[in-house]
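Colleague: No sequence on hand, only this structure:
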């Protein structure tokens, strides 16, 4: 059972990595919606990976590094390639044109920011655990917003045709890259003091798994992801201000 308990979370990580690669291939073959859902599934597996590691007390240095490599592919490279394909297939971006070069640059910046975000997270693993991330997690940026954005653009092609995607997609990529590299606080999914917040987290997880497994209601996943990012940033800012006030009071 000793080695087996490490195998279980690492198996979820391996499946996430393979699904990320599968998403890249599927997007290249033209099925962007399925490619987007495969990234969503990677996010669901990532949650199971962390949950299994904590429940089985199976955290390890290898598991942490393996998870980071899988996250970079599943939530960095795969969403980047998905957005690039969406820009060409849906947004009409022509290969070699200025719009293509800008979009390609935004993809590169996003993936690079994601890699640096993961490296920074790994450096903090030995420090005392807190209830906050520093910067938007790559899972939320790539696995949440980018994948569901493309799914929604495909399902609502009338909206997609009315938008200048050659502008909006690169801007979205640059903004998310900046969010990942920033020091803004983003809440972790952990047990909180508030029963309401705990209930909200449980509901959100159950709803996310339902939507992902049934490939339904991408609107919920998109707006919930957007809400969590905005609300998390606000909550993190408020908490930081309160901590500074407490430190000032203690110093006086």
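Modeller: The structure has been received and is ready for your questions. Quick caveat: nothing in here was measured; it's all calculated off a predicted structure.

Colleague: how many neighbours does the closest residue in space to residue 139 that isn't next to it in sequence have?
Modeller: Nearest non-adjacent residue to residue 139, counting by Cβ to Cβ, 6 or more residues apart in numbering: residue 75, 5.2 Å away. C-beta coordinates here come from the backbone N, C-alpha and C atoms, glycine included. Counted with other Cβ atoms under 10 Å, residues neighbouring residue 75 total 30.

Colleague: try residue 200
Modeller: Counted with other Cβ under 10 Å, the neighbours of residue 200 add up to 13.

Colleague: quick one: what helix or strand has it in it?
Modeller: helix 195-214 (DSSP states H and E).

Colleague: What residues sit buried inside that helix?
Modeller: By neighbour count on 16 or more other Cβ atoms under 10 Å, the buried set for helix 195-214 is 201, 204, 208, 211, 212.

Colleague: Any chance of these in a markdown table with pLDDT as columns?
Modeller: Rendered in a markdown table, the data for the buried residues of helix 195-214 read as follows (pLDDT from 0 to 100):
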| residue | pLDDT |
| --- | --- |
| 201 | 87 |
| 204 | 90 |
| 208 | 93 |
| 211 | 95 |
| 212 | 94 |
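
Colleague: Dump those residues into CSV; add distance to residue 112 as well.
Modeller: Shown next, in CSV, are the buried residues of helix 195-214 (distance: Cβ to Cβ, whole Å):
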residue, distance to residue 112
201, 31
204, 30
208, 28
211, 30
212, 27
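
Colleague: Closest one to residue 192 out of those, please.
Modeller: Distance to residue 192, by Cβ to Cβ, is smallest for residue 201 among the buried residues of helix 195-214, at 7.6 Å.

Colleague: right, and residue 58 touches residue 5 too?
Modeller: Yes. With contacts counted by Cβ atoms under 8 Å, residue 58 reaches residue 5, the gap being 4.4 Å.

Colleague: Can you pull the residues that touch both of these two?
Modeller: Between them, residue 58 and residue 5 share no contacting residue under Cβ atoms under 8 Å, 6 or more residues apart in numbering.

Colleague: ok, those two, which is more surrounded?
Modeller: Neighbour totals were compared for residue 58 and residue 5, and residue 58 leads with 18 against 15 (other Cβ under 10 Å).

Colleague: what kind of secondary structure is the more buried one in?
Modeller: Using DSSP: H, G, I helix; E, B strand; the rest coil, the secondary structure recorded for residue 58 is coil.

Colleague: Quick check on it: phi, psi?
Modeller: Torsion angles at residue 58 (phi, psi; degrees, to the nearest 10) stand at phi -120, psi 30.

Colleague: now the residue lying closest to residue 153 once chain neighbours are set aside: how far from residue 18?
Modeller: With sequence-adjacent residues excluded and distances taken as Cβ to Cβ, 6+ apart, residue 153 is closest to residue 160, at 4.2 Å. Going from residue 160 to residue 18 by Cβ to Cβ, to the nearest Å gives 29 Å.

Colleague: on that earlier part again, which element is encountered next along the chain beyond the host helix or strand of the residue nearest to residue 153?
Modeller: Using DSSP H and E, residue 160 sits in helix 157-162. Later in the chain than helix 157-162, the nearest helix or strand by DSSP H and E is helix 165-181.

Colleague: how distant is that following helix from the center of its chain?
Modeller: Centre-to-centre, helix 165-181 and its host chain are 14 Å apart (Cα atoms, centre = their mean, to the nearest Å).

Colleague: what's the average pLDDT for the next helix or strand after that helix?
Modeller: As assigned by DSSP H and E, the chain's next helix or strand after helix 165-181 is strand 185-187. Averaged over strand 185-187, pLDDT sits at 75.

Colleague: what's strand 185-187 packed up against?
Modeller: Secondary-structure packing of strand 185-187 (3 or more Cβ pairs under 8 Å, 6 or more residues apart in numbering; DSSP states H and E): strand 132-134, helix 218-251.
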